[in-house]
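Chemist: Dropping the sequence and predicted coords here.
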Amino acid sequence: MERTVIIDALKRTDYGQKICVKGWVRSRRGNKNVSFIALNDGSTIKNIQIVADAAKFSDEELKPITTGSCICCVGTLVESQGAGQTSEIQADTLEVYGTADPEQYPLQKKGLSMEYLRTIAHLRPRTNTFGAVLRIRHNMAMAIHSYFHQHGYFYFHTPLITASDCEGAGQMFQVTTKNLYNLKYDEEGHIDYSDDFFGKQASLTVSGQLEGELGAMALGKIYTFGPTFRAENSNTPRHLAEFWMIEPEIAFMDKQEMMDLEEDDLKYCVRWALDNCMDDLEFLNQFVDKGLIDRLKSVIDTEFVRLPYTEGIEILQEAIRNGKKFEFPCEWGDDLSSEHERYLVEEHFKKPVIMTDYPREIKAFYMKLNEGGKTVQGTDVLFPQIGEIIGGSVREESYDKLMNEIEVRQIPMKDMWWYLDTRRFGSAPHAGFGLGFERLMLFVTGMQNIRDVIPFPRTPKTAEF
């Protein structure tokens with residue numbers, strides 16, 4: 001008999017029909033006359049209740065149906081007597097596909113800590129919380145693709161392995177086929193990469209932006225969406241060594257248009273979650289973050305503040321004069337820390353902020369300078385509870401100005417000739433940003449740690465599963 005997924009089974013009202021469902025047992029309770037089995041197949045946070053009458057099933061048949069076991073049930077769809085569900089199944093046959101020994105299956109108890117669940121990341125998707133998070137993660141990926149497709153962008157695949165010069169780039173993972181126990185060195189004592197796979201030093205990418213700019217110079221507007229890698233030794237709730245980034249790059253776009261794009265894209269994603277993930281959001285709102293749904297609604301109902309960096313610093317210094325304590329200083333020229341960003345968003349404005357026109361020294365070499373040369377046309381979106389969720393800028397399109405910045409900062413560019421060519425052949429004004437997918441996920445789910453919004457987190461000393 002054909003299987004019905006549980007999300008569809010729960011919507012059916014053709015009572016009296018035979019139905020087949022398959023899934024994993026969340027719980028079994030009951031008495032000597034009847035057993036109630038809560039079954040879930042991952043299609044929804046809601047379980048379907050299977051009623052197994054003792055007249056039909058012996059203790060021996062029901063014994064292996066424990067929490068975590070996988071079963072197939074064929075039975076009759078009936079109207080539920082219990083609260084909270086419309087349909088349940090009166091079981092005719094129960095087949096056990098896989099047992100789960102109650103002495104050993106670790107998801108028996110309620111209230112397991114997030115730290116403990118990270119040690120069993122291969123099983124945690126079966127919990128309510130992680131089922132909800134992973135379904136929302138899928139939906140956020142669909143929202144991203146849908147938004148850019150609808151707006152005429154092309155999905156552009158940038159390389160994960162890059163051979164751009166890695167000198168001084170201590171934050172990149174190296175990619176090599178060399179025997180690390182028997183390395184060859186040149187006369188100057190540097191590792192000789194001539195016999196390596198690519199014939200030169202290669203690394204995992206930290207961003208697809210530079211290659212994305214090449215795409216925008218041909219296709220007009222593109223976006224990337226893929227994994228990026230940072231070998232930072234950051235053990236914080238906001239950092240991963242492997243995470244996903246969305247990076248649109250757009251020809252002929254100015255700063256104002258880019259801020260509009262950043263705001264519109266984020267609102268689209270949050271609206272998608274509210275429209276398509278409400279069951280999961282209601283669960284997370286109840287058990288993870290009581291203010292989640294209100295916060296999501298507040299973002300789509302409000303206009304983001306556009307705030308020049310210099311004004312932001314003045315607001316923070318005024319707060320300090322009025323007795324506000326920050327861990328880190330905030331003088332003009334300092335890179336804002338997450339506490340400063342969150343103060344502006346959560347306490348001062350009480351809405352998302354797009355901060356612009358940062359000091360040149362604290363931003364990347366490719367950002368376009370404002371008149372006077374002290375600040376750049378950077379645009380960072382700051383969100384409640386998260387801090388920075390998007391970092392973007394208008395890119396410098398002038399070859400001479402870009403070369404000047406590269407020389408002043410002494411950036412090694414010998415392997416980046418191709419990037420400079422975009423400024424030599426038909427250069428165009430353009431802009432782009434990077435949206436951290438897991439940061440978006442933190443906001444949309446209310447989860448507190450970035451390790452809990454990706455199935456298998458990669459962090460310092462952690463590469464299990």
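Modeler: Noted; the coordinates are in hand. Keep in mind that this is a model prediction, so the values were computed, not measured.
Chemist: contacts and neighbour counts: CA atoms only from here.
Modeler: Noted.
Chemist: Any idea how many residues pack against the nearest residue to residue 99 once chain neighbours are set aside?
Modeler: Of all residues not flanking residue 99 in the chain, residue 69 sits nearest, at 4.5 Å (C-alpha to C-alpha, 6 or more residues apart in numbering). The local packing of residue 69 (other C-alpha atoms under 10 Å) involves 21 other residues.
Chemist: Likewise for residue 299?
Modeler: Residue 299: 19 surrounding residues under other C-alpha under 10 Å.
Chemist: same question, residue 55
Modeler: Counted with other C-alpha under 10 Å, the neighbours of residue 55 add up to 9.
Chemist: Now it. Nearest residue, chain neighbours left out?
Modeler: residue 33 (7.4 Å).
Chemist: Surely the residue nearest to residue 99 and residue 28 touch.
Modeler: No - applying C-alpha atoms under 8 Å as the test, residue 69 and residue 28 come out as separate, 10.5 Å apart.
Chemist: Extract the residue ranges of this protein that are flagged as low pLDDT.
Modeler: For the chain, applying pLDDT under 70 flags the ranges 83, 165-170.
Chemist: Where do the helices of this protein begin and end?
Modeler: Secondary structure of the chain by DSSP state H: the helices cover 6-9, 59-62, 114-119, 128-150, 209-219, 255-276, 278-287, 292-300, 309-321, 338-342, 399-408, 417-424, 437-445.
Chemist: Let me see the contact set for the residue nearest to residue 55.
Modeler: Residues near residue 33 by C-alpha atoms under 8 Å, 6 or more residues apart in numbering: 53-55.
Chemist: Okay, and which of those residues map to strands?
Modeler: Counted as lying in strands by DSSP state E, out of those, are residue 53.
Chemist: Quick check: bridge partners of residue 245?
Modeler: residue 226, residue 436 (DSSP bridges).
Chemist: That one - how many residues pack around it?
Modeler: 25.
Chemist: surely it meets residue 230?
Modeler: No - look at residue 245 against residue 230 with C-alpha under 8 Å: they stay out of range, at 11.9 Å.
Chemist: who's in contact with stretch 124-141?
Modeler: Here stretch 124-141 makes contact (C-alpha under 8 Å, 6+ apart) with 42, 44-45, 107, 117-118, 269, 272-273, 276-277, 280-281, 283-284, 441, 445, 452-455.
Chemist: meant to ask about stretch 222-240
Modeler: Contact with stretch 222-240 is made by 148, 153-158, 160, 170-173, 204-208, 212, 215-216, 241-250, 439, 448-451, 457-460, as judged by C-alpha under 8 Å, 6+ apart.
Chemist: And the residues you listed, which of them are buried?
Modeler: Among the contacts of stretch 222-240, those classed as buried by 16 or more other C-alpha atoms under 10 Å are 148, 153-156, 158, 171-173, 204-208, 212, 215-216, 241-250, 439, 448-451, 457-459.
Chemist: What about the residues you listed, which are in strands?
Modeler: Among those, the members falling in strands (DSSP E) are 154-155, 204, 242-250.
Chemist: that older thread, let me see the contact set for the residue nearest to residue 99.
Modeler: By C-alpha under 8 Å, 6+ apart, the residues touching residue 69 are 24-25, 96-100.
Chemist: from those residues, which is closest to residue 424?
Modeler: Relative to residue 424, the closest of the contacts of residue 69 is residue 24; by C-alpha to C-alpha it sits at 59.7 Å.
Chemist: what about the residue nearest to the closest one when sequence neighbours are not counted, neighbour count?
Modeler: Spatially, and ignoring its direct neighbours in sequence, residue 24 is nearest to residue 70 (4.4 Å; C-alpha to C-alpha, 6+ apart). Each residue near residue 70 was counted by other C-alpha under 10 Å, and the total is 22.
Chemist: so what's residue 70 bridging to?
Modeler: residue 24, residue 98.
Chemist: didn't it look like it was pressed against residue 101?
Modeler: No - counting by C-alpha under 8 Å, residue 70 does not reach residue 101; the two are 11.7 Å apart.
Chemist: quick revisit: let me know the distance separating the residue nearest to residue 24 from residue 18.
Modeler: Distance of residue 70 to residue 18, computed by C-alpha to C-alpha, to the nearest Å: 20 Å.
Chemist: so what's the closest residue to residue 405 other than its chain neighbours up against?
Modeler: Leaving out its chain neighbours, the residue that sits closest to residue 405 by C-alpha to C-alpha, 6+ apart is residue 365, at 5.9 Å. Counting by C-alpha under 8 Å, 6+ apart, residue 365 touches 402, 405-406, 409.
Chemist: what's residue 365 sitting at in phi/psi?
Modeler: Reported as degrees, to the nearest 10, the phi and psi values for residue 365 are phi -60, psi -20.
Chemist: what's the distance between it and residue 377?
Modeler: Relative to residue 377, and taking C-alpha to C-alpha, residue 365 is found at 12 Å.
Chemist: Same check on residue 302?
Modeler: Distance from residue 302 to residue 377, by C-alpha to C-alpha: 24 Å.
Chemist: More neighbours: the two, which one.
Modeler: Per other C-alpha under 10 Å, whichever of residue 302 and residue 377 has more neighbours is residue 377, with 25 against 11.
Chemist: Can you verify my assumption that the more buried one contacts residue 364?
Modeler: No - counting by C-alpha under 8 Å, residue 364 is not a contact partner of residue 377; they are 10.8 Å apart.
Chemist: hmm, back to that, show the buried residues in the contacts of stretch 124-141.
Modeler: 42, 44-45, 107, 117-118, 269, 272-273, 277, 280-281, 283-284, 441, 445, 452-455.
Chemist: Next, give phi and psi for the residue nearest to residue 449 when sequence neighbours are not counted.
Modeler: Closest residue to residue 449 apart from its sequence neighbours, by C-alpha to C-alpha, 6+ apart: residue 237 at 4.5 Å. Residue 237 adopts backbone torsions of phi -70, psi 0, taken as degrees, to the nearest 10.
Chemist: Residue 237: how many residues sit nearby?
Modeler: Counted with other C-alpha under 10 Å, the neighbours of residue 237 add up to 11.
Chemist: next one: the one 3 residues further on
Modeler: The local packing count at residue 240 equals 24, with neighbours defined by other C-alpha under 10 Å.
Chemist: Kindly provide the distance from it to residue 293.
Modeler: In terms of C-alpha to C-alpha, residue 240 sits 26 Å off from residue 293.
Chemist: how close does the residue lying farthest from the centre of the chain get to residue 229?
Modeler: If you look at how far each residue of the chain sits from its centre, by C-alpha atoms, centre = their mean, the farthest one is residue 55, at 49.3 Å. Relative to residue 229, residue 55 is positioned 58 Å away (C-alpha to C-alpha).
Chemist: and the gap between residue 392 and residue 286?
Modeler: Counting by C-alpha to C-alpha, the gap from residue 392 to residue 286 is 34 Å.
Chemist: Neighbour count for those two, which is higher?
Modeler: Between residue 392 and residue 286, counting by other C-alpha under 10 Å, residue 392 is the more crowded of the two (24 against 13).
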